[in-house]
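1. Got a predicted structure plus its sequence, pasted below:
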Amino acid sequence: MYGRRKGPKLSAHQQHLLETLLPQLTLHLKPGADPRSYFLPLPRGEVEICGTQISGEGKPHHFPSPKKSLLRSDFSTSPQGRGDDEIKDVWLEIGFGAGEHLHWQAENHPHIGIIGAEPFVNGVAKLLSKFVEVSRNIRIHMGDARDVIAALPDASLGRVFILFPDPWPKTRHHKRRFIQTETLDQLARVMRKGAELRFASDDAPYLEWTLERLLAHPRFAWTATCAADWRSRTPDWPQTRYEAKQLHGTPAFLRFVRR
Ligand SMILES: C[S@@+](CC[C@H](N)C(=O)[O-])C[C@H]1O[C@@H](n2cnc3c(N)ncnc32)[C@H](O)[C@@H]1O
């Protein structure tokens, strides 16, 4: 849970993506900064990447040679400033794993800047390998999400996702669970009124733990009005890798709003 974690050996392609693409998408935390400022245009330039030319202007260009291609990031307009490119709000995904949910949200919400926090280097590499173009509206913090939260100003996020967090089943490890009253206090600080907190788990004890703390928290209100509301995902909530694994039991999908 704490610090950078490593799993199976990275492929040469993944290693290359971490060296070339990650630096372009890495979040450089500035305490107190409006998170929309993290989505200013990427620096102009070209970076070599295997297989495909990835263009900052939107379309991937395929080269005849599969051996060498370029990644270009010369955005001509500011995502903050003008028309179609404007980033209107920022969402945070905590522990994005292999990044399929984060990637879907970014593709389907081009005007939302999405910050993903994930200390697991293999997960970050898997997210990077999904890109066919430099993602204008994704920024990555390869580390603890609590560092991101601590650096955010009050009322600066419109949505937060915590999907299938590690359940830490042993009592002596409960303090490692991401959901703690203090963490919810911090989330309540950085989420604006009406912002949504989405949480999913297939681990009944962790679900109970989370509900206990969220229902007791004065700043969060559960949106569910019947069981169907937490038994299934909404259409704008794609399945994650951990949900598909069904490791513990039947998943529940909670949506709370910041009061
Ligand atoms: C069980 S996995 C779920 C991954 C993904 N959300 C999914 O549903 O497939 C939990 C993830 O949370 C990450 N994680 C744990 N503690 C974290 C923290 N403090 N900040 C950010 N990510 C964290 C882990 O590295 C792990 O990849």
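-> Okay, I see it. The structure presented is a predicted model; accordingly, all values stated were derived computationally and were not measured. Numbers count the residues shown, from 1 in each chain.
2. I'd say Arg159 and Trp91 touch.
-> Yes. Between Arg159 and Trp91 there is a contact at 4.1 Å, judged by C-beta atoms under 8 Å. Using the backbone N, CA and C atoms, a C-beta is placed for each residue, glycine as well.
3. joint contacts of the two?
-> Common contact partners of Arg159 and Trp91 (C-beta atoms under 8 Å, 6 or more residues apart in numbering): Ile112.
4. quick one, helices of this structure?
-> Listed in chain order, the helices of the chain (DSSP state H) span 12-20, 22-25, 100-108, 121-128, 145-151, 181-190, 204-216, 228-231, 241-245.
5. Need these in a markdown table (columns: mean neighbour count, mean pLDDT and distance to Ile114).
-> Formatted as a markdown table, these follow (neighbours: other C-beta atoms under 10 Å; pLDDT from 0 to 100; distance: least, C-beta to C-beta, whole Å):
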| stretch | mean neighbour count | mean pLDDT | distance to Ile114 |
| --- | --- | --- | --- |
| helix 12-20 | 15 | 95 | 18 |
| helix 22-25 | 16 | 94 | 11 |
| helix 100-108 | 20 | 96 | 5 |
| helix 121-128 | 22 | 96 | 11 |
| helix 145-151 | 18 | 98 | 12 |
| helix 181-190 | 17 | 98 | 15 |
| helix 204-216 | 16 | 98 | 22 |
| helix 228-231 | 13 | 95 | 24 |
| helix 241-245 | 15 | 94 | 17 |
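6. Gly32 is nearest to which of the ones you listed?
-> helix 145-151 (7.2 Å; C-beta to C-beta).
7. What helices and strands are in contact with the closest one?
-> On a contact count with 3 or more C-beta pairs under 8 Å, 6 or more residues apart in numbering; DSSP states H and E, helix 145-151 meets strand 89-94, strand 112-117, helix 181-190.
8. if we can go back for a sec, rebuild the helices of the chain as CSV, extending it with distance to Arg198.
-> Below are the helices of the chain laid out as CSV (distance: least, C-beta to C-beta, whole Å):
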stretch, distance to Arg198
helix 12-20, 28
helix 22-25, 22
helix 100-108, 10
helix 121-128, 18
helix 145-151, 14
helix 181-190, 12
helix 204-216, 12
helix 228-231, 11
helix 241-245, 12
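9. Between the helices and strands packed on helix 145-151, which one is closest to the ligand.
-> Counting by C-beta to the nearest ligand atom, the ligand lies closest to strand 112-117 out of the helices and strands packed on helix 145-151; the figure is 4.2 Å.
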